[in-house]
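S.K.: model the structure of this input:
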Amino acid sequence: MGYKVVVAGATGNVGREMLNILAERQFPADEVVALASRRSIGTEVSYGDKTLKCKDIEGFDFTGYDIALFAIGSDATKTYAPIAASQGCVVIDNSSLYRYDPEIPLVVPEVNPDAVENYRNKMIIANPNCSTAQMVVALKPLHDRARIKRVVVSTYQSVSGAGKEGMDELWNQTKGVYVPGQEVEPKKFQKQIAFNVIPQIDVFMDSGDTKEEWKMVVETKKIIDPAIKVTATCVRVPVFVGHSESVNIEFEEFLDEDEARDILREAPGLLVIDKREPGGYATPVECVGDFATFVSRIRQDVTVENGLNMWIVSDNLRKGAALNAVQIAELLGNRCLRKG
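M.R.: Next comes the predicted model:
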């Protein structure tokens with residue numbers, strides 16, 4: 001007997017990836033239902049070799065369903081997640097709404113799998129921010145060995161993190177640069193994204209950090225260790241899919257770059273590509289469609305006592321969102337629900 005699964009937001013970038021990954025990983029589902037807003041009722045989406053027609057999330061009865069993967073944004077989640085949870089369906093939510101609630105687990109299965117047990121608190125599990133997810137997968141095994149004191153991260157985040165509108169704006173602006181009269185003014189982003197980089201993701205806070213940067217700080221502490229100090233600068237770049245991060249780490253103890261490389265090679269969810277030659281590293285182009293988080297450019301930072309630098313790349317629609325959500329569902333099934 002398998003699971004009955006709901007994918008809410010099935011017509012969006014992340015929702016479609018959730019359906020793809022459920023099929024690719026052969027998640028033991030007896031039934032999968034695609035939900036969307038009223039304007040998308042009847043829209044067809046792919047699930048393996050099947051085609052599903054989207055149903056209206058409004059008024060949907062979650063009774064009898066085991067797991068709901070939500071990719072509908074915070075406002076809609078605030079309405080529908082409590083309904084699903086009250087009807088006995090465990091919600092795995094991709095929005096930021098519940099990440100900072102101390103009663104709701106924020107889970108990356110390779111990092112803090114035991115936290116999934118706390119789903120019973122509110123029948124909701126939070127999925128972390130895309131840029132946080134890939135970073136903590138690489139940080140955790142190193143933290144276990146040498147205890148991380150401080151992390152300085154600069155991100156290079158693709159436009160798919162801003163949804164279909166972000167991807168369309170990059171595409172249309174790029175064309176418009178070359179075709180007189182077809183120039184496209186910024187709408188989704190604060191400035192032109194084509195042939196440019198924008199050092200703002202989400203809104204500014206009183207501290208001067210953006211909310212995206214704040215998310216990375218708070219989520220890393222909640223997932224790994226509240227004692228870790230984190231500072232982040234998050235930048236949107238003209239790449240369609242795949243987030244990259246330059247990460248500088250200070251440890252309590254000395255950690256040699258060769259040992260760090262060996263630890264990362266053995267760690268779950270990671271693929272180390274680190275040859276000191278032209279092209280001997282990962283870029284967003286290679287990571288698209290892959291389950292792994294790629295780590296490259298591992299090297300000592302000699303400017304601090306116990307420092308390392310590294311480069312982390314991952315498909316933000318996969319590990320940064322849909323894949324992590326499906327991995328949480330697998331973990332929840334194996335540890336708690338135990339069907340199939």
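S.K.: check which residues of stretch 44-53 are buried.
M.R.: Across stretch 44-53, burial judged by 16 or more other C-beta atoms under 10 Å covers Val45, Tyr47, Leu52. In short, each C-beta sits where N, CA and C put it, glycine included.
S.K.: for the second one, which non-adjacent residue is spatially closest?
M.R.: Meaning Tyr47. Leu19 (4.6 Å; C-beta to C-beta, 6 or more residues apart in numbering).
S.K.: list the helices and strands the helix or strand where that neighbour lies packs on?
M.R.: In this structure, Leu19 sits in helix 13-24 according to DSSP states H and E. In terms of contacts (3 or more C-beta pairs under 8 Å, 6 or more residues apart in numbering; DSSP states H and E), helix 13-24 is packed against strand 3-8, strand 29-36, strand 44-47, helix 163-178, helix 323-332.
S.K.: picking that back up, show me what contacts the residue nearest to Tyr47?
M.R.: Taking C-beta atoms under 8 Å, 6 or more residues apart in numbering, we find Leu19 in contact with Val7, Ala10, Val32, Ala34, Val45, Ser46, Tyr47, Leu52.
S.K.: and those residues, which is closest to Leu270?
M.R.: Set against Leu270, the nearest of the contacts of Leu19 by C-beta to C-beta is Val7 (26.9 Å).
S.K.: let's have the buried residues of stretch 44-53 in CSV, adding pLDDT and distance to Thr79.
M.R.: Converted to CSV, those look like this (pLDDT from 0 to 100; distance: C-beta to C-beta, whole Å):
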residue, pLDDT, distance to Thr79
Val45, 97, 22
Tyr47, 97, 25
Leu52, 97, 22
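S.K.: low-confidence bits of this structure, can you list those?
M.R.: Within the chain, the stretches with pLDDT under 70 are 340.
S.K.: residue boundaries of the helices in it?
M.R.: 13-24, 73-86, 130-146, 163-178, 211-223, 257-266, 284-287, 323-332 (DSSP state H).
S.K.: next, the angle helix 13-24 makes with the longest one.
M.R.: This points to helix 130-146. Comparing the axes of helix 130-146 and helix 13-24 via axes from the mean of the first three to the mean of the last three C-alpha atoms, to 10 degrees yields an angle of 60 degrees.
S.K.: list the buried residues of helix 130-146.
M.R.: Applying 16+ other C-beta under 10 Å to helix 130-146 flags 130-143, 146 as buried.
S.K.: send me it as CSV with only the CA atoms.
M.R.: Written as CSV, here are the backbone C-alpha positions of helix 130-146 (Å, rounded to 0.1, in the frame of the first residue of the first chain):
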residue,chain,number,x,y,z
CYS,A,130,17.2,27.5,-2.0
SER,A,131,20.6,29.1,-1.2
THR,A,132,20.6,27.8,2.3
ALA,A,133,19.9,24.2,1.4
GLN,A,134,22.9,23.7,-0.9
MET,A,135,25.2,25.4,1.5
VAL,A,136,24.3,23.4,4.6
VAL,A,137,24.7,20.1,2.8
ALA,A,138,28.4,21.0,2.3
LEU,A,139,28.9,22.6,5.7
LYS,A,140,27.5,19.9,8.0
PRO,A,141,30.1,17.2,7.5
LEU,A,142,32.9,19.7,7.9
HIS,A,143,31.2,21.1,11.1
ASP,A,144,31.0,17.6,12.5
ARG,A,145,34.8,17.2,12.1
ALA,A,146,36.2,20.7,13.1
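S.K.: look up the closest residue to Tyr156, ignoring the ones flanking it.
M.R.: That would be Ser244: by C-beta to C-beta, 6+ apart, it lies 4.2 Å from Tyr156.
S.K.: any idea how far that neighbour is from Glu286?
M.R.: 11 Å (C-beta to C-beta, to the nearest Å).
S.K.: shared neighbours, these two?
M.R.: Val313.
S.K.: please say which of the two ends up with more neighbours.
M.R.: Looking at Ser244 and Glu286 with other C-beta atoms under 10 Å, you find the greater number of neighbours at Ser244, namely 25 against 15.
S.K.: so what's the more buried one bridging to?
M.R.: Beta bridges link Ser244 to Tyr156, Val313, judged by DSSP bridges.
S.K.: contacting residues around it?
M.R.: Neighbouring residues of Ser244 by C-beta under 8 Å, 6+ apart: Thr155, Tyr156, Gln157, Val237, Thr283, Pro284, Trp311, Ile312, Val313.
S.K.: pull the contacting residues for the nearest residue to Ile21 once chain neighbours are set aside.
M.R.: Using C-beta to C-beta, 6+ apart and skipping the chain neighbours, the partner closest in space to Ile21 is Val326 (4.7 Å). Shown in contact with Val326 (C-beta under 8 Å, 6+ apart): Met18, Ile21, Leu22, Arg25, Phe27, Leu69.
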